[in-house]
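[1] sequence plus predicted model, see below.
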Amino acid sequence: MRQHFSHPNPKISSLANSPKDMALLAVFALALVLLGNSEMIIHFSPDGSFTTTTWYLFYDSIHDLLALGIALYAAYRWTSRIGEIFVLFFVIMHAPYFYLTFPIQVADHLMRIFEVMLALGGIRLIARLKNALGLAHERLEMAHVAEKHSQYQATHDHITGLPNRLLLGERTQQAVAVAQRTASQIVCMFIDLDHFKDVNDSLGHEVGDKVLKIIGERINGAIRESDTVGRIGGDEFGIVASSIEDPTTAAILAERVKDAVNQQMVFDGHRVSLTCSIGLAMFPSEEQSKASRHDVMAVTDELLSQSDISAYRAKKQGGDSFQFFDPSMAESTSARLSMLADLRDAVDNDELVLHYQPLIDVRSGAVFGAEALVRWNRPNVGMVPPLDFIPLAESSGLIVPIGEWVIRTACKQAKEWSDSELGPIVISVNLSAIQIRRSDMYATIRSALDEADCPPSLIDLELTESVLMQDTEKVIEMLRALRAMGMTISIDDFGTGYSSLAYLQNFPVDTLKIDRSFINSIATGSDEEAIARAILNLGHTLGMHVLAEGVENIAQAEQLKTLTCDRAQGFLFSRPLKATEFEVLPLVTQSSKMRKNKTAGGPLSATVLPAESVKQL
């Protein structure tokens, strides 16, 4: 009975210091294979490729000792290395078993030696030799297949079957090397699908994977056979194209790719239409043409980075377009990364502050609430406008901790004002799509209210139409739970998205906020007035309040009153203010007196705007 022992045993191949020594050991091993006293094991490296093959040689009976003797004699006759054979025999006698390890290439060559030994051996050995040869060949074939499969998996995307980031990088390196050698141009493209997350959120990841596969096939069909397309990851693809005559040729190729992506798809009756943002980086550029040689790996990394940067610029400008890289983009990206690094510390370093813009009741002219607007007091820079850092916060995921800070701060402020002379003031807080999709959003708001001991009725949650249309059932469920708690829900920028009676009936909404773009010309009898009037009618029909954003002059305010608009906000009444400034604003203090007067049974003012606030402007 053969047994493997756990203690170390000699690795005989360590005795081999030359090709002749290895040949000696190989012949010895083959002789034992013929006698049946061995097992062959193929070893694999961590990446899945096979590297060596090992024969474990055993002896535990007088028969095996005889076999060893025959093997040693065969090795002597084959190699005439009597000294090494003596050492080998001495080592064997001091171990219960030992093993030989050969490089896989050597093991392959041993197949030929088998054939020679077959020709020299007797009839008695033929059957055993055939079995040994067949087993070794089968295992080598399996190892070759396993290696090929492993290499494919390591270099290709499992969803699309396209080259992955690793292989695309290698192909780009090859293209750069050829371009330098032949004095030709190449272009690297970074393709970012616009709003692909909406597909996953609304139709599921299984459909999302099918969409990625189809998009990959379409892009591959739009490029030349000499070009390479790969999936970089997520919703991003890359292309490297050689022998590009000029930027115009590259632009034509980018346009062809863009058109291929834009084609509509249908899954289970759902139509899917996607666009993409494409970034292009050429090599050599005008600056690079002045130098004769470049480091291939450095150029490859630079091209991939430049195409990524230019794709981001294309997406930032609205998507469904392509942009060529220029050096100014790198400067902009550097500034963006610096801002992102600082923004990560903003919450911990107490650099964020809330400003409050009054919300006006149009009929009485009184302030009933305030919209909380976050500001960032960046060190060594000053106040950063929201449009400069909010998109960055959303794309990086930092909007989650920032949004949580806003909710907690707003709850504390609402409680503080409610307990002060000002009385209850409803604070509106904006929620992003990322926040709404988080499963712990309800718990976060509940915790903020409890921590501040703030009545839920003092908090209004604002969402845009696009947020409501993502993962609709989940959003409806969450909003109903929040509303049941006692908070109110508003739809911000209404009229700019998916405005329809059907979806408004399904959502638990209290207020529609007309986007400022429809208020600008509301007093001139334009189409904007007709749209604003339609939104007012829609909201009132559904029993909702309607608030006009961006009111900047008296004419707009008077027209809104004529149209029976309920509420308004804008620079006509006040710009956003710090809490301490908001508290002493005459419009706010007078409104507080009006509420107290109403509670006491006195009359309310009927003016749309107190005269004092006009003088302030």
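    Alright, I've got the coordinates.

[2] in the host helix or strand of residue 540, what counts as buried?
    Assessed by DSSP states H and E, residue 540 sits inside helix 527-541. For helix 527-541, the neighbour count (16 or more other Cβ atoms under 10 Å) marks 528, 529, 531, 532, 535, 536, 538, 539 as buried. To be clear about C-beta, it is placed using only N, CA and C from the backbone, and glycine gets the same treatment.

[3] save those as CSV, and put in distance to residue 473 and pLDDT too.
    Formatted as CSV, the buried residues of helix 527-541 follow (distance: Cβ to Cβ, whole Å; pLDDT from 0 to 100):
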residue, distance to residue 473, pLDDT
528, 34, 76
529, 36, 81
531, 29, 84
532, 31, 85
535, 25, 88
536, 29, 90
538, 23, 87
539, 24, 89
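
[4] same list, these, but as CSV with distance to residue 383 please.
    Output for the buried residues of helix 527-541, formatted as CSV (distance: Cβ to Cβ, whole Å):
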residue, distance to residue 383
528, 31
529, 35
531, 34
532, 32
535, 33
536, 35
538, 37
539, 34
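
[5] which one of those residues is nearest to residue 204?
    Of all the buried residues of helix 527-541, the one with the least separation from residue 204 (Cβ to Cβ) is residue 538, at 32.0 Å.

[6] list the buried ones in stretch 250-257?
    Buried residues in stretch 250-257, counted by 16+ other Cβ under 10 Å: 250, 253, 254, 257.

[7] also stretch 447-462?
    448, 449, 452, 454, 456, 458, 459, 460, 461, 462.

[8] could you pick out which of those are located in helices?
    Judged by DSSP state H, helices contain the following of these: 448, 449, 452.

[9] surely the last one is in contact with residue 415?
    Put plainly, it is residue 452. Yes. Between residue 452 and residue 415 there is a contact under Cβ atoms under 8 Å: 4.7 Å.

[10] just the ones of the buried residues of stretch 250-257 in helices?
    Among the buried residues of stretch 250-257, the members found in helices (DSSP H) are 250, 253, 254, 257.

[11] surely the last one meets residue 220?
    Right, the one you point to is residue 257. No. Contact criterion Cβ under 8 Å: residue 257 and residue 220 do not qualify, at 9.9 Å.

[12] got a markdown table for the ones in helices among the buried residues of stretch 447-462, with pLDDT and distance to residue 340 too?
    Shown next, in a markdown table, are these (pLDDT from 0 to 100; distance: Cβ to Cβ, whole Å):
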| residue | pLDDT | distance to residue 340 |
| --- | --- | --- |
| 448 | 95 | 26 |
| 449 | 95 | 31 |
| 452 | 95 | 30 |
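
[13] can you tell me which of those residues is nearest residue 579?
    residue 452 (13.9 Å).

[14] how much space between that closest one and residue 237?
    47 Å (Cβ to Cβ, to the nearest Å).

[15] all strands of the stretch 351-500 of the chain, in order?
    Secondary structure of the stretch 351-500 of the chain (DSSP state E, counting those that start in this stretch): strands located at 352-361, 367-378, 382-384, 426-430, 459-464, 488-494.

[16] and residue 314, its phi and psi?
    phi -60, psi -40 (degrees, to the nearest 10).

[17] whoops, I mixed them up, residue 274
    Main-chain dihedrals, residue 274, degrees, to the nearest 10: phi -120, psi 150.

[18] nearest spatial neighbour of it, chain-adjacent residues omitted?
    Nearest non-adjacent residue to residue 274, counting by Cβ to Cβ, 6 or more residues apart in numbering: residue 193, 5.6 Å away.

[19] list the contacts of the one you found.
    By Cβ atoms under 8 Å, 6 or more residues apart in numbering, the contact set of residue 193 is 215, 235, 236, 237, 261, 274, 275, 276.

[20] can I take it that it is in a strand?
    Yes. Assessed by DSSP: H, G, I helix; E, B strand; the rest coil, residue 193 belongs to a strand.

[21] from residue 200, how far out is it?
    According to Cβ to Cβ, residue 193 stands 11 Å off from residue 200.

[22] repeat for residue 222
    From residue 222 over to residue 200 the distance is 24 Å, taken as Cβ to Cβ.

[23] then residue 280?
    Counting by Cβ to Cβ, the gap from residue 280 to residue 200 is 27 Å.

[24] neighbour-wise, which of those two wins?
    residue 280 (26 against 17; other Cβ atoms under 10 Å).

[25] before we move on, which element is the more buried one in?
    Going by DSSP H and E, residue 280 is part of strand 275-283.

[26] so for that strand, mean pLDDT?
    Mean pLDDT, strand 275-283: 93.
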